[in-house]
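Engineer: Fold the following.
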Amino acid sequence: MVPASELADMRATATSALDISGVQIQRLTPTELGNGLRSSAWNTIATVAASQAKPTASVMAQYSALIGSATSMMMRLPYGTAYHADDRLLMPSGDIWRIQADLSDSSYSTCQLLLVAKVQPS
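Structural biologist: A predicted model of the protein is given here:
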């Protein structure tokens, strides 16, 4: 068993290694417009650091039905970051990635590991 203080140190080290700053986590939020009309807008719920890597062949095979032919990446965020499936990550470059699945380790996680798919501009 890993002591809580050591795990906290490992999480801090993992967070300090994230090399993309200013990543916005956005969630589609419904809004009442009045007269029974509704609208939705993307709202930033957090701004965090991240890192990204190409998914492994086994991850691609395991999640092929979910991601289809979309360009996919694995994205690391700080441990404890709040997010939902279908939230999106707005990168400082302007690229937008949609959260598809949580790939985080189930015990002793040091960061959030997500499978994301690139959102194509419309």
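Engineer: confidence score at the residue lying farthest from the centre of the chain?
Structural biologist: Farthest-out residue of the chain from its mean C-alpha position, per C-alpha atoms, centre = their mean: Asn35, at 35.4 Å. Reported pLDDT at Asn35 in the predicted model: 82.
Engineer: Just the buried positions in the longest helix along the chain, please.
Structural biologist: Under DSSP state H, the helix in the chain containing the largest number of residues is helix 4-16. The neighbour-count check on helix 4-16 (16 or more other C-beta atoms under 10 Å) flags Met10, Arg11, Ala14, Thr15 as buried. Backbone N, C-alpha and C define where each C-beta goes, glycine included.
Engineer: Redo the residues you listed as JSON lines? Include distance to Leu89 and pLDDT.
Structural biologist: Formatted as JSON lines, the buried residues of helix 4-16 follow (distance: C-beta to C-beta, whole Å; pLDDT from 0 to 100):
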{"residue": "Met10", "distance to Leu89": "23", "pLDDT": "92"}
{"residue": "Arg11", "distance to Leu89": "20", "pLDDT": "90"}
{"residue": "Ala14", "distance to Leu89": "18", "pLDDT": "91"}
{"residue": "Thr15", "distance to Leu89": "16", "pLDDT": "91"}
